[in-house]
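A.B. asks: sequence plus predicted model, see below.
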Amino acid sequence: MIRTLVVRAGTALAGAIVATLALAAPAAAHGADAPAGTDYRTEVTAVTPARPGLTVRAVEAGARLELTNTGDRPVEVIGYSGEPYLRVGPDGVYENRRSPATYLNRTLAGDTRIPAEADPAAPPDWRRVDGSTTVRWHDQRALWRESAPPPQVRAAPDREHRVRDWTVPLRVDAQVVEVRGTLDWVPPPDAYTWWVATTLGLLAVGALGLLRAASAPGARALAAVGVLLVAGGGAAVAYAVGRELDAGADGVGGLLTGLLGGQVWPLLTGLGAIAAGVYALARRPAADFAVALAGACLALFAGVANAAVFARSVAPLPWPATTGRILVAAALATGAGALAAGTLRLHATSRSARSAAVDHGVVVGNERG
């Protein structure tokens with residue numbers, strides 16, 4: 001029975017990984033390349049002159065700018081050569097197919113091939129891409145795209161530096177409007193400290209599986225693992241929600257759409273961990289298996305998948321980066337620890353069953369003899 005459960009768990013986990021990779025491919029092709037973390041902080045400081053209904057902010061840890069225009073006049077975003085690039089107004093969002101920025105800004109790296117028909121000097125060729133009044137785009141003026149850090153950062157990487165002040169021009173009718181902001185280098189944290197803390201946490205949770213399952217301490221240990229798994233699942237859900245809020249999710253509907261799109265696996269594994277924790281607290285049959293499987297998924301999809309935040313100073317969250325690291329560490333430690341605890345309990349139960357079977361065979365043999 002134990003072997004069957006393990007095989008099923010492995011099959012389910014492998015299927016989840018394959019599904020994740022399959023879903024990730026088309027998402028990446030559509031430019032969904034939000035970073036898991038960065039050491040460059042992009043901030044919008046002003047829109048000058050201010051206009052009613054016009055707001056601009058940085059989203060996705062600064063990887064994109066988001067412009068919302070609820071006014072009655074369309075707003076144009078100006079491209080890198082002074083050409084109209086985007087237009088946002090009451091009739092929706094349009095992009096100029098003649099603008100090189102239309103193609104360069106499709107990825108964070110800016111490596112999309114520019115077609116021959118792209119000509120910043122040509123009259124705009126507008127194409128409607130969305131019916132809303134909000135647009136998000138990568139803008140190279142607000143990013144540091146070089147692989148090597150700026151010279152001042154290389155000289156003193158442990159200090160915060162202003163890399164540059166940036167400006168993105170807009171146009172409303174004949175009026176020029178400027179979006180102004182800053183790009184700063186923020187020294188990364190010590191990832192070693194976070195990995196050590198996470199490892200100690202998972203070892204502590206996993207050690208609960210060493211207590212004999214059939215004993216009273218073993219029952220209390222299973223309950224403790226259940227409580228911790230609920231906490232870890234809650235941390236995973238909170239991190240997924242934070243990522244969508246930072247990506248610009250608007251309202252409950254926008255948040256749910258984002259969660260079921262880009263954050264579906266962290267969300268499902270977080271909810272699954274909560275359910276498995278409650279299952280363990282109720283001491284249901286096969287609780288050890290449920291704890292181990294939920295822990296493995298939690299550690300993989302909500303922990304390892306977001307572990308880059310341990311080494312990055314800016315997290316893709318609307319909260320301090322330290323909060324994000326705590327959430328990821330909690331998901332990873334409780335997930336991996338629950339996997340270890342559940343596996344140890346399953347192994348001990350299997351060994352006890354084999355021992356009981358051998359003892360039973362000896363007794364039957366003696367009675368026959």
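C.D. replies: Happy to help now that I have it.
A.B. asks: mind listing what the nearest residue in space to R284 that is not next to it in sequence touches?
C.D. replies: Here the nearest residue to R284 in space, its sequence neighbours aside, is A290; by CB to CB, 6 or more residues apart in numbering that works out to 7.6 Å. Just so you know, the C-beta spots here come from the backbone N, C-alpha and C atoms, and that holds for glycine as well. Neighbouring residues of A290 by CB atoms under 8 Å, 6 or more residues apart in numbering: 276, 279-280, 284, 342.
A.B. asks: tell me which element A290 is part of?
C.D. replies: According to DSSP states H and E, A290 maps onto helix 287-297.
A.B. asks: hang on, the earlier thing: neighbour count, pLDDT and distance to A336 for the contacts of A290 - can I get that in TSV?
C.D. replies: Shown next, in TSV, are those (neighbours: other CB atoms under 10 Å; pLDDT from 0 to 100; distance: CB to CB, whole Å):
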residue	neighbour count	pLDDT	distance to A336
A276	28	96	14
Y279	19	94	19
A280	26	94	16
R284	11	84	22
G342	29	94	11
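A.B. asks: farthest pair in those residues?
C.D. replies: Of all pairs drawn from the contacts of A290, the one with the longest distance (CB to CB) is R284 and G342, at 13.2 Å.
A.B. asks: now do the strands in the stretch 1-150 of the chain.
C.D. replies: 40-48, 54-59, 64-69, 75-78, 84-89, 92-96, 126-130, 134-137 (DSSP state E, counting those that start in this stretch).
A.B. asks: ditto for the stretch 251-369 of the chain
C.D. replies: Applying DSSP E, counting those that start in this stretch to the stretch 251-369 of the chain gives no strands.
A.B. asks: ranges for the helices of it?
C.D. replies: Assignment of helices within the stretch 251-369 of the chain using DSSP state H, counting those that start in this stretch yields the ranges 251-261, 264-281, 287-297, 321-368.
A.B. asks: check these for me and report the most buried one.
C.D. replies: Taking mean count of other CB atoms under 10 Å as the contact definition, the stretch among the helices of the stretch 251-369 of the chain with the greatest mean neighbour count is helix 287-297, which reaches a mean of 26.
A.B. asks: just the C-alphas of that helix, formatted as CSV.
C.D. replies: Extracted C-alpha coordinates of helix 287-297, given in CSV (Å, rounded to 0.1, in the frame of the first residue of the first chain):
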residue,chain,number,x,y,z
ALA,A,287,-2.7,11.8,6.7
ASP,A,288,1.1,11.0,6.5
PHE,A,289,0.8,10.6,2.8
ALA,A,290,-1.2,13.8,2.3
VAL,A,291,1.3,15.7,4.4
ALA,A,292,4.3,14.4,2.4
LEU,A,293,2.7,15.1,-1.0
ALA,A,294,1.4,18.6,-0.1
GLY,A,295,4.8,19.4,1.5
ALA,A,296,6.7,18.4,-1.7
CYS,A,297,4.4,20.5,-3.9
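A.B. asks: now it and helix 264-281, what's the angle there?
C.D. replies: With axes from the mean of the first three to the mean of the last three CA atoms, to 10 degrees as the criterion, the two stretches helix 287-297 and helix 264-281 enclose an angle of 160 degrees.
A.B. asks: what is the least confident helix or strand in this protein?
C.D. replies: Using mean pLDDT, DSSP states H and E, the weakest-scoring helix or strand in the chain turns out to be helix 2-29, at a mean of 40.
A.B. asks: surely A329 meets G201?
C.D. replies: Yes - the criterion here is CB atoms under 8 Å, and A329 meets it with G201 at 6.9 Å.
A.B. asks: any common contacting residues for these two?
C.D. replies: Overlap of the contact sets of A329 and G201 (by CB under 8 Å, 6+ apart) is empty.
A.B. asks: ok, back up a step: and the average pLDDT for the helix holding A290 is what?
C.D. replies: Rounded to a whole number, the mean pLDDT of helix 287-297 is 95.
A.B. asks: stretch 184-193 now?
C.D. replies: Within the predicted structure, the mean pLDDT of stretch 184-193 is 97.
A.B. asks: repeat that for stretch 153-169.
C.D. replies: Averaged across stretch 153-169, the pLDDT comes to 96.
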